[in-house]
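>>> Give me a model of this one.
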Amino acid sequence: MTTGLMFPLQHTDPEKVVPFGELVAGGLAGRLWLGQSVLAETHQTLAYLAGRGLRVPCGLGVTLMPLRHPMEAAAQARSLAALTGRPLVAGYGTATPDLVQALRGAPYRRPAAAAADYARAVRAFLDGDAALPPMSHPPVEVGLGVLRPGMARAAGAAADVAVTWMTPPRYLAETLIPALAEGAGGRGGRPRVVTVVHVAPAARGRDPRRLAYGAAADHLRAPHYTDMLRRAGVPADPADPRAGAAALVEAGVYAYGPVEDVVARLRGYREAGADEVVLNLAGVAALEGFGAALADAEALLHALADAGG
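As a prediction, the model looks like this:
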């Protein structure tokens with residue numbers, strides 16, 4: 001199992017990302033992940049790090065499909081791979097229906113089918129089967145954000161990587177991975193599975209429910225995330241994100257506790273079939289700042305290394 005590290009929040013200063021990249025450059029994590037940002041743009045932040053000398057494997061987990069044409073997405077992704085000199089995971093998500101309608105004039109009629117078509121188009125541009133001229137660069141994996149079985153089947157059919165978020169291990173093993181395999185059919189194997197996990201080690205004065213709310217309030221208001229959680233047996237109602245945050249802690253989806261307990265929960269994702277687990281200290285960053293999040297990330301990564309990954 002590979003361990004990745006998520007830079008946990010949107011930012012306006014790429015220097016804030018540098019220490020997280022340095023943990024990856026130092027070998028404690030295998031990949032630096034950033035999500036969609038409408039502040040300092042994600043691709044440009046990673047290009048800044050490369051220009052600063054931090055040439056590390058990166059992942060986009062995820063950026064939003066309606067913001068860029070597949071040709072532009074492929075051009076941006078291979079540019080990052082060339083600038084860093086390292087492999088890249090370029091993950092894409094469908095966005096909410098309201099945002100899609102605002103950007104495209106109408107929501108996707110079938111979001112899972114649209115995502116599969118998008119992934120195939122990006123792959124075709126990267127592989128030279130479409131209009132982009134050839135260019136030498138390290139490998140780029142095309143990923144799709146996956147929460148529910150329909151999108152998992154679409155990713156199985158079209159993507160190299162499935163990126164999951166807040167998905168409990170049992171749900172991953174019993175629902176998503178079989179759907180990925182079903183979608184893959186005769187492709188020669190399911191996509192690689194990357195799962196992003198909210199984590200925080202226990203510390204004096206910390207309330208894990210507040211941390212979980214700080215990390216995931218927006219997702220806990222979103223119908224597609226709360227539907228996924230209910231399917232997985234975690235009671236979550238978009239009308240009550242604070243109760244949803246408490247449910248995340250109770251279910252262990254927000255991995256909080258002594259370091260050794262958090263490590264055991266992370267290893268549970270490997271047992272469930274995840275190929276890469278990404279540590280996300282968003283709750284700590286939101287409530288206590290990037291410095292505290294970085295210190296906790298380093299402690300957890302050292303503990304994972306001591307435990308054998």
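>>> Test my guess that Ala282 contacts Ala216.
Yes: if you go by Cβ atoms under 8 Å, Ala282 and Ala216 touch, sitting 7.5 Å apart. For glycine as for every other residue, the C-beta is placed from the backbone atoms N, C-alpha and C.
>>> and the two? which has more neighbours close in?
Remark: of Ala282 and Ala216, Ala216 carries more neighbours, 26 against 22, as counted by other Cβ atoms under 10 Å.
>>> ok, and for the host helix or strand of that one, which residues are buried?
In the assignment (DSSP states H and E), Ala216 maps to helix 208-220. Of the residues in helix 208-220, Pro208, Arg209, Arg210, Leu211, Ala212, Tyr213, Gly214, Ala215, Ala216, Ala217, His219, Leu220 count as buried by neighbour count, 16 or more other Cβ atoms under 10 Å.
>>> what sits against the second one?
When contacts are counted by Cβ atoms under 8 Å, 6 or more residues apart in numbering, Arg209 touches Arg242, Ala245, Ala246, Val249.
>>> Can you turn the buried part of those residues into a PyMOL selection?
Entered in PyMOL, the line below selects the buried ones among the contacts of Arg209, by 16+ other Cβ under 10 Å:
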select buried, resi 245+246+249
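>>> Mind listing residues that contact the helix or strand hosting Thr45?
Thr45 belongs to helix 42-51 when assigned by DSSP H and E. Residues from elsewhere that reach helix 42-51 (Cβ under 8 Å, 6+ apart): 11, 14, 17-18, 21, 32, 34-37, 55-56, 58, 60, 63, 76, 79-80, 83-85.
>>> what's the answer for stretch 271-281, then?
With contact meaning Cβ under 8 Å, 6+ apart, stretch 271-281 is reached by 1-6, 8, 29-31, 33, 59, 61, 164, 169-170, 172-173, 177, 192-200, 215, 266, 269-270, 293-294, 296-297, 300-301.
>>> Any regions of the protein where pLDDT drops low?
Judged by pLDDT under 70, the chain has its weakly predicted residues at 1, 309.
>>> And the strands in it, which stretches?
Under the criterion DSSP state E, strands of the chain are mapped to 2-6, 31-34, 58-64, 88-93, 140-145, 161-165, 192-201, 255-257, 276-280.
>>> Put together JSON lines for these, with mean neighbour count and distance to Pro235 on each row.
Output for the strands of the chain, formatted as JSON lines (neighbours: other Cβ atoms under 10 Å; distance: least, Cβ to Cβ, whole Å):
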{"stretch": "strand 2-6", "mean neighbour count": "23", "distance to Pro235": "25"}
{"stretch": "strand 31-34", "mean neighbour count": "26", "distance to Pro235": "28"}
{"stretch": "strand 58-64", "mean neighbour count": "25", "distance to Pro235": "26"}
{"stretch": "strand 88-93", "mean neighbour count": "27", "distance to Pro235": "24"}
{"stretch": "strand 140-145", "mean neighbour count": "26", "distance to Pro235": "23"}
{"stretch": "strand 161-165", "mean neighbour count": "27", "distance to Pro235": "18"}
{"stretch": "strand 192-201", "mean neighbour count": "26", "distance to Pro235": "17"}
{"stretch": "strand 255-257", "mean neighbour count": "22", "distance to Pro235": "18"}
{"stretch": "strand 276-280", "mean neighbour count": "26", "distance to Pro235": "22"}
